[in-house]
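Chemist: Sharing a sequence plus its predicted fold:
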Amino acid sequence: MFMVVVSIGVSALHLYLWQRLVRDTTRTVRARRIGTGLLGLPALFSVAALVLPKFVGVAASEWFAWPGFLWLAVFFYLLLILVVLELPRLALRRWTRADDGEPDEGRRLFLSRAAAVVAGAAAGGVVGYGTATALGTPELKRVTVPIRGLASGLGGFRIAVVSDIHLGPILGRAHTERIVRMINETKPDLVAMVGDLADGTVEELGRAAEPLGDLTSPCYFVTGNHEYYSGYQPWVTELERLGLHYLHNENTQITHGPNVFTLAGVTDVAGKSYGDGPDMDRALAGRVGATVLLAHQPVQVSDAAKRGVDLQLSGHTHGGQLWPFHYVVGLSQPAVSGLSKVDSTWLYVTNGAGAWGPPVRVGAPPDITVVELG
């Protein structure tokens with residue numbers, strides 16, 4: 001239902017694009033029909049990319065996911081730039097009229113075409129850059145988090161954090177292989193995978209996830225909201241088969257020589273609708289030493305802080321993915337990217353290693369982070 005509502009909204013906003021890019025820039029009926037077709041076709045692909053994958057499956061979705069999702073990114077930046085250009089259009093309104101006050105069709109047409117060219121070139125350039133960023137090698141970040149009460153022998157313990165891999169019709173097995181290779185090269189003491197592995201079923205994407213079994217360090221994971229959309233129980237079973245350890249509202253003690261800390265994990269808040277909601281008290285029961293919590297959404301840090309968790313590792317936000325969406329994400333999450341603190345609890349939010357929807361990232365490059373406990 002959510003995607004249907006989004007599709008209706010996208011379709012409605014395309015009417016504005018049609019007005020500025022087709023109606024205002026053409027003189028003849030024939031030219032207007034051609035422009036309408038050129039704008040309408042990618043719009044249909046975008047609606048198909050949003051609505052149809054659930055019904056036709058991942059493999060069939062590949063045919064329209066690429067053009068549909070790329071157009072969504074172009075559409076967004078065209079919309080943003082054209083709205084900004086309304087200001088100079090308004091300022092030049094008098095210039096588009098002749099001395100007698102009547103509209104000067106030539107000047108009006110010139111201004112409309114100039115705005116369309118500027119918007120098209122700028123949107124194309126931004127999306128091209130963003131696509132190269134999203135599909136390129138994730139950044140490898142290193143962050144040191146000073147944790148009070150951490151046993152001295154655990155100083156320098158390294159956790160590789162990866163989230164939001166989003167396997168699907170666009171990102172597949174090669175994407176997973178690159179992520180696993182990058183993580184293994186850092187030789188972490190532990191790997192934390194904090195949700196949103198795939199947008200599809202195990203039957204469709206199990207082979208794409210298989211390289212996770214090649215991780216050379218112990219890997220613990222929790223569910224994200226997209227696991228529930230894709231069938232979380234089969235994915236949990238598959239990841240455990242590959243040798244990963246599921247923290248289902250529970251914790252485990254991580255030993256490093258004679259030293260120990262607690263690694264806990266909670267299910268995503270979306271799990272409430274599936275009878276599998278987070279239980280923070282159960283996840284933290286019997287903890288020993290410092291506590292590191294895996295929780296997909298940063299918003300869960302409020303509950304973690306009340307219970308004295310030392311560090312929460314999260315994803316979900318994609319760092320905003322498409323600037324300026326980070327402002328919107330910040331309205332519902334306490335942090336969008338990077339290291340911050342809520343009361344005495346540290347919160348680290350990774351941008352994620354993949355992308356959802358458009359394979360485009362602007363202002364929020366994909367990353368894998370090695371968090372070093374200090």
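Modeler: Perfect, I can see it now.
Chemist: Helices along this protein, start to end?
Modeler: Along the chain, counting by DSSP state H, helices occupy 2-21, 29-51, 53-56, 58-91, 105-135, 173-186, 202-209, 225-230, 232-241, 280-284, 301-306, 325-329.
Chemist: next one: the fourth one to chain centre, how far?
Modeler: Average the C-alpha atoms of helix 58-91, do the same for its chain, and the two points are 17 Å apart (C-alpha atoms, centre = their mean, to the nearest Å).
Chemist: At the geometric centre of the chain, which residue do we find?
Modeler: In the chain, the residue lying closest to the centroid (C-alpha atoms, centre = their mean) is residue 318, at 3.6 Å.
Chemist: Any chance of the backbone angles for the residue nearest to that residue when sequence neighbours are not counted?
Modeler: Computed as C-beta to C-beta, 6 or more residues apart in numbering, the closest residue to residue 318 that is not its neighbour in sequence is residue 352, at 5.0 Å. For the C-beta atoms, the positions are set from N, CA and C on the backbone; glycine is no exception. Dihedral angles of residue 352 (phi, psi; degrees, to the nearest 10) stand at phi 90, psi 160.
Chemist: Would you reformat the helices of the chain as a markdown table and include distance to residue 294, mean pLDDT and mean neighbour count?
Modeler: Shown next, in a markdown table, are the helices of the chain (distance: least, C-beta to C-beta, whole Å; pLDDT from 0 to 100; neighbours: other C-beta atoms under 10 Å):
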| stretch | distance to residue 294 | mean pLDDT | mean neighbour count |
| --- | --- | --- | --- |
| helix 2-21 | 26 | 79 | 14 |
| helix 29-51 | 30 | 90 | 16 |
| helix 53-56 | 28 | 82 | 14 |
| helix 58-91 | 26 | 92 | 18 |
| helix 105-135 | 24 | 94 | 17 |
| helix 173-186 | 15 | 98 | 17 |
| helix 202-209 | 18 | 96 | 19 |
| helix 225-230 | 13 | 92 | 22 |
| helix 232-241 | 13 | 96 | 17 |
| helix 280-284 | 9 | 97 | 18 |
| helix 301-306 | 10 | 96 | 19 |
| helix 325-329 | 20 | 92 | 16 |
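Chemist: now those in CSV, with distance to residue 193?
Modeler: Conversion of these to CSV gives the following (distance: least, C-beta to C-beta, whole Å):
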stretch, distance to residue 193
helix 2-21, 25
helix 29-51, 26
helix 53-56, 23
helix 58-91, 20
helix 105-135, 19
helix 173-186, 10
helix 202-209, 11
helix 225-230, 11
helix 232-241, 8
helix 280-284, 16
helix 301-306, 18
helix 325-329, 21
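Chemist: Could you work out which of those helices reaches nearest to residue 167?
Modeler: Comparing the helices of the chain against residue 167 with C-beta to C-beta, the closest turns out to be helix 202-209 (4.7 Å).
Chemist: could you say what helices and strands that closest one packs with?
Modeler: helix 58-91, helix 173-186, helix 232-241 (3 or more C-beta pairs under 8 Å, 6 or more residues apart in numbering; DSSP states H and E).
Chemist: could you give the angle of the second one to helix 105-135?
Modeler: Right, the one you point to is helix 173-186. Counting by axes from the mean of the first three to the mean of the last three C-alpha atoms, to 10 degrees, helix 173-186 lies at 50 degrees to helix 105-135.
Chemist: likewise the last one?
Modeler: Here helix 232-241 points in a direction 40 degrees away from that of helix 105-135 (the same axes, to 10 degrees).
Chemist: for helix 232-241, packing partners?
Modeler: Here helix 232-241 touches helix 202-209, strand 245-246, going by 3+ C-beta pairs under 8 Å, 6+ apart.
Chemist: go with 10 Å
Modeler: Under the contact criterion of 3 or more C-beta pairs under 10 Å, 6 or more residues apart in numbering; DSSP states H and E, helix 232-241 touches helix 202-209, strand 219-221, helix 225-230, strand 245-246.
Chemist: what are the C-alpha coordinates of it, in CSV please?
Modeler: Provided in CSV are the C-alpha atoms of helix 232-241 (Å, rounded to 0.1, in the frame of the first residue of the first chain):
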residue,chain,number,x,y,z
TYR,A,232,12.7,-12.8,7.9
GLN,A,233,12.6,-16.3,9.1
PRO,A,234,13.9,-18.0,5.9
TRP,A,235,16.6,-15.3,5.8
VAL,A,236,17.6,-16.0,9.4
THR,A,237,17.8,-19.7,8.7
GLU,A,238,19.9,-19.1,5.6
LEU,A,239,22.3,-16.8,7.3
GLU,A,240,22.8,-19.2,10.2
ARG,A,241,23.4,-22.0,7.6
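Chemist: now what about it, what contacts it?
Modeler: Under the criterion C-beta atoms under 10 Å, 6 or more residues apart in numbering, residues 193, 197-198, 200-203, 205-206, 209-210, 212-213, 219, 221-228, 231, 244-246, 248, 267-268, 270-271, 274, 276 lie in contact with helix 232-241.
Chemist: Could you pull up phi and psi at residue 92?
Modeler: Residue torsions, per degrees, to the nearest 10, at residue 92 are phi -100, psi 10.
Chemist: That one reaches residue 104, doesn't it?
Modeler: No - the pair residue 92 / residue 104 is not scored as a contact, 11.1 Å apart, by C-beta atoms under 10 Å.
Chemist: Need the residues touching each of these two.
Modeler: Residues touching both residue 92 and residue 104 by C-beta under 10 Å, 6+ apart: residue 111.
Chemist: Please report the distance of residue 250 from residue 265.
Modeler: From residue 250 across to residue 265, the span is 7 Å (C-beta to C-beta, to the nearest Å).
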